[in-house]
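Q: output the structure for:
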Amino acid sequence: MFREEYPVYLFTGFLESGKTSFINETLSDPKFFKDGDRTLVLLCEEGEVELDPVVFASPDVFVEVIDDKSRLNPDKLEALRRKHKANRILLEYNGMWLVSDLFASVPRSWVIYQIMNFADANTIEVYNANMRNLVVDKLSFCELTVFNRCTPETDTDALHKLVRGVSRRTDIIYESSDGSFVFDDVEDPLPFDVNADVIEIADRDYALWYRDLADSMENYDTKKVTFIGQATKNPQLKPDEFVIGRQIMTCCADDITYGGLLCENGGKDIEKGEWYRINAYISVKNSPLYGKVGPVLVGVKAEKCDAPTEIVTTFY
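A: Numbering: from 1, shown residues only. This is a model prediction of the structure:
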């Protein structure tokens, strides 16, 4: 049975980062509306700038404030949508709440179409130093990051590195107080050669490679790779299968996770917890272990080796 879907435009960032100003500008543009549009705006925090209904280009815009995170659940959100008969949603998210928590909180019929992240160029590095987990959370999911209130003295190289330390996919814009802006067009070459006969992954680059492999699997299909990883076994696996990977830290010790890859062969003599130099081909295919299509290592040759100097690998 056909299920109607409702697009959600999600705006993230800390308080006073420019989210509300952007929403005001968006809702004042007649091009943003077409006949029949009924727009629900959900505000999860309120700063100095307020929404101004006077400038809205349509009367069919309805604003609701959600200042209690417990109200972010599918039933209550859907009740608000039905109350206003809205067919699309703009959601200004609270900067102190994790974006990852929101995904389980929206109704199934709400489809997040776009995520834009906003940051004050003058304060974001302070947030990054003191609340990096929240900064990483926002950068991990957005398609665009806008650094506003930029000046000629703004160190855009530092802002670029801040973003790229988390995501290579998000676009970056630097916006000045006068409304002018420039796109970040800095090329970020990977520290390994994807087109080499054998892609050699240095110990320090495993996290970057693992993320790029997940983002761009098609670039690695049938390629040969070599790297060092720590082996583990899983009761779900066949006798000749094992998983090889590294501990990856995104922002702090609390979020260290094991980033592993399934090896389809060569596992009979593999010892759990030991380190191995892996030579293998990458095959992108469906795997019961992943529960979806993913990179599987085939033609695996594993040679026991010493652990790397740094056990945990990072993105920066």
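Q: alpha carbons only for contacts and neighbour counts from here, please
A: OK.
Q: okay, now the unreliable bits of the chain?
A: 1-3, 251-254, 316 (pLDDT under 70).
Q: show me the helices in it, by range?
A: Per DSSP state H, the chain carries helices over the ranges 19-27, 74-84, 99-102, 124-130, 132-141, 156-164, 206-215.
Q: so which of those is the most surrounded?
A: Mean neighbours per residue, mean count of other C-alpha atoms under 10 Å, is largest over the helices of the chain for helix 132-141, with a mean of 21.
Q: quick one, which of the helices of the chain is nearest to residue 255?
A: Comparing those by their distance to residue 255 (C-alpha to C-alpha), the top pick is helix 132-141, with 8.4 Å.
Q: sorry, back to before: okay if I get the helices of the chain as CSV plus distance to residue 283?
A: Listed next are those as CSV, based on distance: least, C-alpha to C-alpha, whole Å:
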stretch, distance to residue 283
helix 19-27, 42
helix 74-84, 38
helix 99-102, 29
helix 124-130, 37
helix 132-141, 26
helix 156-164, 27
helix 206-215, 11
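Q: which among the ones you listed is found nearest to residue 267?
A: Of these, the one closest to residue 267 (C-alpha to C-alpha) turns out to be helix 206-215, at 20.9 Å.
Q: ok now that closest one, how far from the chain's centre?
A: Relative to its chain's centre, helix 206-215 lies at 13 Å (C-alpha atoms, centre = their mean, to the nearest Å).
Q: same check, this time on stretch 201-215
A: 16 Å.
Q: what does that stretch contact?
A: Applying C-alpha atoms under 8 Å, 6 or more residues apart in numbering, the external contacts of stretch 201-215 come out as 191-192, 219-220, 225-228, 246, 248, 259, 294-295, 308, 310, 313-315.
Q: try stretch 244-264
A: 132-133, 136, 166, 206-207, 210, 228-232, 240-243, 289, 295-300, 311-315.
Q: which among those count as buried?
A: Buried members of those, counted by 16 or more other C-alpha atoms under 10 Å: 132-133, 136, 166, 206-207, 210, 228-232, 241-243, 295-298, 300, 312-315.
Q: which of the residues you listed fall in strands?
A: Using DSSP state E, the subset of the buried ones among the contacts of stretch 244-264 located in strands is 228-232, 242-243, 295-298, 300, 312-314.
Q: quick one: which of those residues is nearest residue 19?
A: Using C-alpha to C-alpha, these come closest to residue 19 at residue 314, 29.9 Å.
Q: and that closest one, what does it touch?
A: 204-208, 248-250.
Q: check residue 55 too.
A: Contacts of residue 55 (C-alpha under 8 Å, 6+ apart): 24, 27-28.
Q: can you rerun that using 6 Å?
A: Applying C-alpha atoms under 6 Å, 6 or more residues apart in numbering to residue 55 gives the contacts residue 28.
Q: if anything else comes up later, I'll come back, but that's it for now.
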